[in-house]
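K.L.:
one predicted model, sequence on top.
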Amino acid sequence: MGTHYAISIICIGLSISACSGSKQKDPGIPTALDTLPTLDVGGPFTLLQNGQLGLSYFPDEGTALIQTEPLLRLMVTAKDSSYIVQGPNLQHLATATKVLSPGTAGEFDNGYAGISAVIQLGRTYYGFYHAEDHIGLPALAGGIPGFYASIGLTRSDDGVTWRKVGQVITSSQSKSWAAYPDQGDRGAAEPGAIVSRDGRYVYVYYTEHSRINGRGVDICIARADLTSGPPLPGAFKKYFNGSFSEPGIGGHDTPVITARGFSSANALEGHVSYSKKADRFLMIFGIDSYQERMSGQPPTHSGLYAAWSKDAIDWSPPTQLVADQAVPQPGKSVSWEGTVIFDDATGSTGTLIYGYSPKWGTTPHYMVGRHVSIGQ
């Protein structure tokens, strides 16, 4: 196991204050000092090898916790489908069962259906999944199918059997929109989800790939007000210009996490958990500094990052946890789709779980972990 290192920062906090309806602040402009918790991150260790339990290319989205007793049960995306992976603990995961697959031709999820976040409301589980339409789109590097992504919803009464409900978030741009020729990644993708501390809202984070109005790829947020009913299609409003005012289907958005502080980079794949000890939400996300890889430089700025928030909307500047390629590239290592799963309700210790390959294209990515602990 690698050497532990501690991250303890006096950081500039952000002040969007979307819930209060106050004037929007630019997420890149610091407004107030805030002492962040420490995040102690250990060295990498393998949780599941490529091919183990019949899985490959995993985790391909966020890793979601369904239950801890009597067995640990996780939702994991492998290749193009969603699996329940379970065992007595993280170090002894024993079975994998497919629970969600891509739809048929003509459906919005015809190429991919990866559950990336799960919440429980009462006895009902809701899973938010990355859906891909592959029809008529140019391929990405390494032969990865091009996609127009959206966020789909599944639900389960027992955490075992899942059924599709429909789309909850789509991009403001149509499938035909492209910011540059042969753009293979399009739409709203890679969801994370959390319930607000007061239990009123479900927040869903998504990566907007359209690159409209000079934006890069960045992380946006939508919410459903549970006082009006369950988080079903039609219930979500996107955050835009300081308030949750745009429809989840086709509405405009304002990002809450960007890569503006980097040169030629994108922010993507935000997965959120809550630490009671820190009294904050923790987001793990990727920064793809594509200028580095395009020029053949090592991944100094690319990798997995962390940010903190008191309200799940207004996020601290990013702190790098792992330096590596943040998107798969043939012949290069990759560390992506990170999620922190805490050991218990205190949120004091846990595991950063992510997909890793030492040489993607030759070795599909597989499940790696790092122990984490939270301090003040």
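P.N.:
Thanks, I have the structure now.
K.L.:
what about Asp198, neighbour count?
P.N.:
Residues lying near Asp198 (other C-beta atoms under 10 Å) number 7. Quick note: C-beta positions are derived from backbone N, CA and C, even for glycine.
K.L.:
before we move on, what about the one 10 residues further on?
P.N.:
Counted by other C-beta under 10 Å, the residues lying close to Glu208 total 27.
K.L.:
grab the nearest non-local neighbour of it.
P.N.:
Take Glu208 and drop its neighbours on the chain: the residue closest to it by C-beta to C-beta, 6 or more residues apart in numbering is Cys220, 5.1 Å away.
K.L.:
can you pull the contacts of that neighbour?
P.N.:
Residues in contact with Cys220 (C-beta atoms under 8 Å, 6 or more residues apart in numbering) are 188, 205-208, 238-239, 253-256.
K.L.:
as a whole number, average confidence for the helix or strand harbouring it?
P.N.:
In this structure, Cys220 sits in strand 218-225 according to DSSP states H and E. Averaged across strand 218-225, pLDDT comes to 98.
K.L.:
can you give me how far it is from the chain middle?
P.N.:
Counting by C-alpha atoms, centre = their mean, to the nearest Å, strand 218-225 is centred 12 Å from the centre of its parent chain.
K.L.:
ok, stretch 112-128 next?
P.N.:
Its chain's C-alpha centre and that of stretch 112-128 lie 13 Å apart, by C-alpha atoms, centre = their mean.
K.L.:
the closest residue to Val118 other than its chain neighbours and Arg123, how far apart?
P.N.:
Closest residue to Val118 apart from its sequence neighbours, by C-beta to C-beta, 6+ apart: Ala64 at 3.9 Å. With the distance defined as C-beta to C-beta, to the nearest Å, Ala64 ends up 17 Å from Arg123.
K.L.:
for the two, indicate the residue with more neighbours.
P.N.:
Ala64 (28 against 9).
K.L.:
what's the closest non-adjacent residue to Lys237?
P.N.:
Lys237 sits nearest to Phe244 (C-beta to C-beta, 6+ apart), 4.1 Å away.
K.L.:
how many neighbours does that neighbour have?
P.N.:
Neighbours of Phe244 under the rule other C-beta under 10 Å: 22.
K.L.:
check Asp109 too.
P.N.:
Neighbours around Asp109, by other C-beta under 10 Å: 24.
K.L.:
wait, it sits on Leu153?
P.N.:
No - with contact defined as C-beta atoms under 8 Å, Asp109 does not reach Leu153; the gap is 11.0 Å.
K.L.:
who touches both of these two?
P.N.:
129, 164.
K.L.:
where do the strands of the stretch 201-350 of the chain begin and end?
P.N.:
For the stretch 201-350 of the chain, the strands defined by DSSP state E, counting those that start in this stretch cover 201-208, 218-225, 236-240, 243-247, 266-275, 280-288, 303-309, 319-323, 334-342, 349-357.
K.L.:
buried stuff in whatever helix or strand comes next after the last one?
P.N.:
I take that to be strand 349-357. Going down the chain from strand 349-357, the next helix or strand is strand 366-375, by DSSP H and E. Within strand 366-375, the residues scored as buried using 16 or more other C-beta atoms under 10 Å are 366-374.
K.L.:
pLDDT of strand 366-375, averaged?
P.N.:
For strand 366-375, the per-residue pLDDT averages 96.
K.L.:
just the CA atoms of it, as PDB, please.
P.N.:
Only the C-alpha atoms of strand 366-375 are listed here, as PDB (Å, rounded to 0.1, in the frame of the first residue of the first chain):
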ATOM      1  CA  TYR A 366     -11.000  -2.500 -13.200                       C
ATOM      2  CA  MET A 367     -12.000  -1.700  -9.700                       C
ATOM      3  CA  VAL A 368      -9.300   0.000  -7.500                       C
ATOM      4  CA  GLY A 369      -9.700   1.500  -4.000                       C
ATOM      5  CA  ARG A 370      -7.800   3.900  -1.700                       C
ATOM      6  CA  HIS A 371      -8.600   4.300   2.000                       C
ATOM      7  CA  VAL A 372      -9.700   7.700   3.000                       C
ATOM      8  CA  SER A 373     -10.200   9.400   6.300                       C
ATOM      9  CA  ILE A 374     -11.700  12.800   7.200                       C
ATOM     10  CA  GLY A 375     -10.300  15.200   9.700                       C
END
